[in-house]
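K.L.:
need coordinates for the following:
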Amino acid sequence: MPSAQSPYLTLALAGLLIGAIYYLEAWYKRRRRQAWRIFATRQGWTSSQSDEALEVQGFYRGRPFSLRTEATTLSQGDPAITVLRMELSDAAPPELLLETKSLRDTFRMRFSPVGEKVGDVELDTLLNLHNLSPRTRELLLTPSLREPLMHAYRYYWRLSIFAGTMEAERQGVPTSPEKLEALIAPALALADALHLSTGQALPPHSRRRAQS
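P.N.:
Have a look, this model is predicted:
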């Protein structure tokens, strides 16, 4: 016969399980927030945190930069993606407009062309390009730019350059300073390559290292 204590034991185990889940979730959030604070301090940037989002703001080579967590329609208010935004200023032609192609774009290409073509099969397959001037076309075909552009494309879930601003998204929220540094690296390398393509020297980027 079932023990009279069984229902209470089951409730106790369920309570312990729920408590463990809440504890692990709180620990994960504390670890994530600490990682973002350390990352911001190492870069000499500022960080802000709320229940809805984590954000880091600062300047990279004199240009405004931000990194922020955002929720999606599927994440129900919890951060699910990390979004990087960076002003390119004179590092890129103002008419440069590109974005990674979505599955919808790939489907539409079967029936009608999407965007313009630069003449590089791989770039034309992976990117939506618009308003291509001769200067922009030449820029995108520069070998020193093509590699960081393709690396950024492969790394980020979405990548776009519009009106002098780069925006990149990656799924998930990094939980260590090292993972945050790895997340921003392809975008910063692309920004540097764009700047060097103009024939200018790279402005310095001073980083203030903190003990952690």
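K.L.:
do a quick rundown of the strands in the chain.
P.N.:
46-49, 54-60, 63-70, 81-87, 97-100, 127-130, 158-162, 165-171 (DSSP state E).
K.L.:
next, the angle strand 81-87 makes with the second one.
P.N.:
Between strand 54-60 and strand 81-87, the angle formed by their directions is 20 degrees, by axes from the mean of the first three to the mean of the last three CA atoms, to 10 degrees.
K.L.:
go on, the last one?
P.N.:
Interaxial angle of strand 165-171 relative to strand 81-87 (the same axes, to 10 degrees): 170 degrees.
K.L.:
pLDDT at the residue nearest to residue 97 when sequence neighbours are not counted, what is it?
P.N.:
Closest residue to residue 97 apart from its sequence neighbours, by CB to CB, 6 or more residues apart in numbering: residue 130 at 4.3 Å. Where C-beta positions appear, they are placed from N, C-alpha and C, glycine not excepted. Predicted confidence (pLDDT) for residue 130: 80.
K.L.:
for residue 130, give its distance to residue 88.
P.N.:
16 Å (CB to CB, to the nearest Å).
K.L.:
also residue 10?
P.N.:
Here residue 10 is placed at a distance of 59 Å from residue 88 (CB to CB).
K.L.:
how about residue 57?
P.N.:
Distance from residue 57 to residue 88, by CB to CB: 17 Å.
K.L.:
still on that earlier bit, could you tell me the least trusted of the strands of the chain?
P.N.:
Taking the mean pLDDT of the strands of the chain, strand 127-130 comes last: a mean of 83.
K.L.:
for residue 188, which of the strands of the chain is the nearest?
P.N.:
Proximity to residue 188 (CB to CB) singles out strand 54-60 among the strands of the chain, at 6.2 Å.
K.L.:
what's that closest one packed up against?
P.N.:
With contacts taken as 3 or more CB pairs under 8 Å, 6 or more residues apart in numbering; DSSP states H and E, strand 54-60 sits against helix 6-43, strand 46-49, strand 63-70, helix 177-196.
K.L.:
what lies in contact with it?
P.N.:
32-33, 36, 39-40, 43-49, 64-69, 79, 86, 173, 180, 188, 191, 205 (CB atoms under 8 Å, 6 or more residues apart in numbering).
K.L.:
can you flag the buried ones in the residues you listed?
P.N.:
Buried by 16 or more other CB atoms under 10 Å: 32, 36, 39-40, 43, 45, 47, 49, 65, 67-69, 79, 86, 173, 180, 188, 191, out of the contacts of strand 54-60.
K.L.:
tell me who's in contact with the residue nearest the centre of the chain.
P.N.:
Closest residue to the average C-alpha location of the chain: residue 169 at 3.6 Å, with CA atoms, centre = their mean. Residue 169 is in contact with 81, 82, 83, 84, 156, 157, 158, 159, counting by CB under 8 Å, 6+ apart.
K.L.:
among those, name the buried ones.
P.N.:
Applying 16+ other CB under 10 Å to those flags 81, 82, 83, 84, 156, 159 as buried.
K.L.:
those residues into a markdown table, with extra columns for distance to residue 116?
P.N.:
Output for these, formatted as a markdown table (distance: CB to CB, whole Å):
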| residue | distance to residue 116 |
| --- | --- |
| 81 | 28 |
| 82 | 30 |
| 83 | 26 |
| 84 | 25 |
| 156 | 22 |
| 159 | 17 |
